[in-house]
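Peer 1: sequence-free structure coming up:
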């Protein structure tokens, strides 16, 4: 039986030309040998399986080939040391003792120290002097996967070469070459899957290829690759995305169950779907399509599905899946978490549906003529708040109207007992009617307490306050309006009692009661209620109850000329001492004996 050699050893490159994916390293080393500019200490660092040790051996061979050394004597000038098992000070001292002797054949001795980061700190220190001033015939090549573990004094004495991860395309191309040499018919899509699984390490890719060839024989298909490597097929993610776009939640959940039944983890599916959305996002722009590390046929499927997805949907979907990945490990019901995430993805498209536009009714010729004959409405707005007369007085004079010129439409405000009318396409100008007779009796009074608590009946505070603000702006900007209504004279005690009664109606609202208690009103000219506030925040709180407050006081005191005047008080902020001298002066002001003590001790303020 012939001895089997793994592909990683069988197809190890023997020349710089056959090294895969490290052209920037091999070209530099070849030019250095050609121009005689090769450093005596080199450090090869990078991920595993990218060719560090291979390039070190090729370089050692190249150096002696330049001096026409026979291959049979070549091995006498190369020394390899595994620092993982020879990391003590004694091992380095033995190496230093060997360095002193010149080579028997050729000009150079090459010392390759692999996994150099495993050396102890004492071994590094013992190696420093020799590494800085080596003999003329010695060249050191250090290789490591963890450059950050090497002390800076070693790094400063070496010429550093950073090896990069090998791209998926380069690995897939090399795997196709190895499969052809071994007589294996390999599917290009399957080779791309192997290259992605290797994560930039060519040695790992060759090891995976050997395992799959042992299982499948001389035929390597895409299905056999994803089955043996326990990888979710691209088709699952394409199907899931299509179901999300179609908003078919039932089939989407059944697809997720099918994936779980095959033994895949929920986080595996969620992360794979996030990566699929990422690939769809880079497929949106021709400049970023090259970031897709897939085969040609799969790339066509990505381009086709990317045309059906919007960028905003893909970004929000990736954000939702990222939140799912963060919460997955700590979730007690992980399957439910993924299912909720899928529901959110479907709901994301539901929210982005365009709202149906209202169908405009076409006007008949007769309606057009009737509309043309009707007089055009003026810009005047009439807001009516009518109060029913008391039961004892059956006859009441007709209420007068207050006309307020408005330039903007406002919603119509009705009496609490009346159902609000449906909103028309064009808002009608509301009216306000203030009675000129005596105030309404107790049976017709509005329930202020329930209205302020946000009950179902009555006028809402927000709507009434917004209308009043608009009315006040238009009154101030356009013209002054006379308010016709009861204007009985009241005493300050009656005003104080009415104010306390109003405060009882807003006891449930802590912010409002605190504001009105701290800022007591001042009555001036028997019609102006002055309130002093400190900032705009307090003003916004006051505006939420200003309309209800004014109507309550007018009705209670039977004087409809009452108005609220808001003023702001400017408070001077005390300037805090910052420098040492300012702090000292503040302390002396509080305790004058400090100045006497300072003079007695002859102390300086710094």
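Peer 2: Perfect, I can see it now. Quick caveat, the model's predicted, so the values are computed rather than measured.
Peer 1: tell me which stretches of the stretch 151-300 of the chain form strands.
Peer 2: Using DSSP state E, counting those that start in this stretch, the strands assigned to the stretch 151-300 of the chain run over residues 159-162, 185-186, 219-220.
Peer 1: show residues contacting the second one.
Peer 2: Which is strand 185-186. Strand 185-186 has contacts (Cβ atoms under 8 Å, 6 or more residues apart in numbering) with 175, 176, 179, 218, 219, 220. C-beta coordinates here come from the backbone N, C-alpha and C atoms, glycine included.
Peer 1: same question for the biggest helix by length in the chain, mean pLDDT?
Peer 2: Using DSSP state H, we find that the single longest helix of the chain is helix 536-557. The pLDDT scores in helix 536-557 average 80.
Peer 1: just the strands from the stretch 1-150 of the chain, written as ranges.
Peer 2: Taking DSSP E, counting those that start in this stretch to define them, one finds strands in the stretch 1-150 of the chain at 41-45, 78-82, 109-114, 138-144.
Peer 1: looking at these, which is closest to residue 527?
Peer 2: strand 41-45 (86.9 Å; Cβ to Cβ).
Peer 1: chain center to the closest one, what's the gap?
Peer 2: 40 Å (Cα atoms, centre = their mean, to the nearest Å).
Peer 1: kindly state the domain boundaries assigned to this protein.
Peer 2: 22-162, 168-228, 234-351 (automatic domain parsing).
Peer 1: start and end of the first one, how far apart?
Peer 2: Read that as domain 22-162. Terminal residues of domain 22-162 lie 10 Å apart, using Cα to Cα, to the nearest Å.
Peer 1: and the closest residue to residue 303 other than its chain neighbours, what is it in contact with?
Peer 2: Using Cβ to Cβ, 6 or more residues apart in numbering and skipping the chain neighbours, the partner closest in space to residue 303 is residue 283 (5.4 Å). Taking Cβ under 8 Å, 6+ apart as the criterion, residue 283 is in contact with 289, 292, 302, 303, 306.
Peer 1: out of those, the closest to residue 239 would be?
Peer 2: Once Cβ to Cβ is applied, the member of the contacts of residue 283 that ends up nearest residue 239 is residue 302, at 13.9 Å.
Peer 1: returning to that earlier point: which of the contacts of residue 283 sit farthest apart?
Peer 2: Spanning the widest gap among the contacts of residue 283 are 292 and 306, at 10.0 Å by Cβ to Cβ.
Peer 1: who's more crowded, these two?
Peer 2: residue 306 (20 against 17; other Cβ atoms under 10 Å).
Peer 1: dihedrals phi and psi, the spatially closest residue to the more buried one that is not a sequence neighbour?
Peer 2: Nearest residue to residue 306, sequence neighbours excluded (Cβ to Cβ, 6+ apart): residue 283, at 3.8 Å. Backbone torsions of residue 283, given as degrees, to the nearest 10, read phi -80, psi -10.
Peer 1: how near is residue 283 to residue 302?
Peer 2: Separation of residue 283 from residue 302 (Cβ to Cβ, to the nearest Å) stands at 5 Å.
Peer 1: and residue 454, what's its pLDDT?
Peer 2: Residue-level pLDDT assigned to residue 454 equals 41.
Peer 1: hmm, back to that, out of the domains of the chain, which one sits most buried?
Peer 2: domain 168-228 (a mean of 19; mean count of other Cβ atoms under 10 Å).
Peer 1: that domain: end-to-end distance?
Peer 2: Domain 168-228 has an end-to-end distance of 19 Å (Cα to Cα).
Peer 1: same thing with stretch 110-122?
Peer 2: Between the opening and closing residues of stretch 110-122 there is a gap of 23 Å (Cα to Cα).
Peer 1: now tell me what touches that stretch from outside.
Peer 2: Contacts with stretch 110-122, where a contact means Cβ under 8 Å, 6+ apart, come from 43, 53, 56-57, 59-60, 63-64, 77-84, 87-89, 92, 95, 99, 127, 138-147, 149-151, 154.
Peer 1: repeat that for 6 Å
Peer 2: With contact meaning Cβ atoms under 6 Å, 6 or more residues apart in numbering, stretch 110-122 is reached by 53, 56, 60, 78-84, 87, 89, 139-144, 146, 149-150.
Peer 1: sec struct for the residue most central in space within the chain, please.
Peer 2: For the chain, the residue nearest the mean C-alpha position is residue 319 (7.1 Å; Cα atoms, centre = their mean). Following DSSP: H, G, I helix; E, B strand; the rest coil, residue 319 is assigned to helix.
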